[in-house]
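Colleague: predicted model and sequence below, questions to follow.
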Amino acid sequence: SLRRNSAFELNMYSPFLTEETCLHLLAELGYPPLPRHGGDSTVYLIQTVDGMPVIDSTVTLHFSGGFLSSAGGFYIAGLQTEDSVSAYTAADALSAFLQYALEQEIAPLSVRGIFPARRLSAETLFQSTLQPAWIIQTEGAVYYVNHDGSEIASLQGKIS
């Protein structure tokens, strides 16, 4: 089943797709070729759109006997036409993150990288939007900063 908010569920009643085949097919749809495994039978993938990872767009693949048995998550076909680039710069995001780290009393961190991303917001079963965001990689964790710096959170387990 596929919903208008980009969510989907797939159940295979006659499994025939191997993990290798699934990863190849999904790479063509914007899912990077380096999956994060959750045990022997589960694989998690994060979609990219226009080369940017989409936070909260995880796809979970379940395998049984080496073949895909079910899948679920989100698939974004592309950016909406009204999508606009945020004026919130990497420097703005880094400044907001450093203030957050001070307020949360997070031990001093070495920032390893900062790069643009998108965040999927599936408000209802019928609507979803992509918002500009920033990903900040530190020596110990990865953080998300939303399009205006008002939301900052650890992405542990959400993006690899």
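Modeller: It's in. Remember, predicted model here, so these are calculated numbers, not experimental data. Numbering: from 1, shown residues only.

Colleague: for the rest of this, base every contact and every neighbour count on C-alpha atoms.
Modeller: Fine.

Colleague: nearest residue to the residue nearest the centre of the chain other than its sequence neighbours?
Modeller: By C-alpha atoms, centre = their mean, the chain has its centre lying nearest to Ile55, at 3.1 Å. Excluding its sequence neighbours, the residue lying closest to Ile55 (C-alpha to C-alpha, 6 or more residues apart in numbering) is Arg119, at 4.5 Å.

Colleague: number of residues surrounding that neighbour?
Modeller: Counted with other C-alpha atoms under 10 Å, the neighbours of Arg119 add up to 21.

Colleague: ditto for Ser110
Modeller: 10.

Colleague: what residues are up against it?
Modeller: With contact taken as C-alpha atoms under 8 Å, 6 or more residues apart in numbering, Ser110 is in contact with Thr138, Glu139.

Colleague: ok, back up a step: now the residue nearest to the centre of the chain: how far from Ser121?
Modeller: 9 Å (C-alpha to C-alpha, to the nearest Å).

Colleague: do the same with Ala93
Modeller: Applying C-alpha to C-alpha to Ala93 and Ser121 gives a distance of 19 Å.

Colleague: could you do Leu23 as well?
Modeller: With distances taken as C-alpha to C-alpha, Leu23 is found 25 Å from Ser121.
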